[in-house]
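Participant: Sequence first, then the predicted structure, then my questions.
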Amino acid sequence: MDRKCDGSFDCPDKSDEDKEDCKMVQIPKGYMKTVPPERSNQEKEHPDSNKTVVAVKIRLVKVTAVNELNMEINTMIRVFKSSINK
Ligand SMILES: [Ca+2]
């Protein structure tokens with residue numbers, strides 16, 4: 001996947017650099033990136049049928065700053081993918 005649309009032909013059929021698939025994403029006017037997409041009717045009727053379960057492990061590497069006045073802590077974490085089940 002990381003070789004798709006990278007400007008170099010990696011697939012024998014050159015499909016990884018297909019001009020139709022390598023266009024810039026066009027974001028519709030009014031798109032709000034903080035609002036998740038609406039669920040389809042199929043997802044509403046069968047909410048668990050289309051879920052992918054991803055298990056992750058998170059390791060706290062270090063606390064980089066503590067701001068008691070603002071009740072904030074800054075941390076460095078490392079996220080590991082543990083397993084994916086569908
Ligand atoms: Ca490529």
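Facilitator: Received the coordinates, thanks. Residues are numbered from 1 along each chain as shown.
Participant: residues in this protein within reach of the ion, list them.
Facilitator: For the chain, the contact set with the ion under C-beta under 5 Å from the ion comprises 3, 6, 8, 10, 16. For glycine as for every other residue, the C-beta is placed from the backbone atoms N, C-alpha and C.
Participant: so where's the chain shaky on pLDDT?
Facilitator: 50, 83-86 (pLDDT under 70).
Participant: residue closest to the middle of it?
Facilitator: Val54 (11.9 Å; C-alpha atoms, centre = their mean).
Participant: Hmm, Phe80 and that residue touching each other?
Facilitator: No - with contacts counted by C-beta atoms under 8 Å, Val54 stays clear of Phe80, the gap being 11.2 Å.
Participant: Look up phi and psi at Asn67.
Facilitator: Dihedral angles of Asn67 (phi, psi; degrees, to the nearest 10) stand at phi -120, psi 100.
Participant: In a helix, Phe9, correct?
Facilitator: No - with DSSP: H, G, I helix; E, B strand; the rest coil as the criterion, Phe9 is located in coil rather than a helix.
Participant: To what extent is the closest residue to it other than its chain neighbours buried, counted in neighbours?
Facilitator: Distances taken as C-beta to C-beta, 6 or more residues apart in numbering put Glu17 closest to Phe9, at 5.4 Å, once the chain neighbours are dropped. Applying other C-beta atoms under 10 Å, we find 16 other residues in the vicinity of Glu17.
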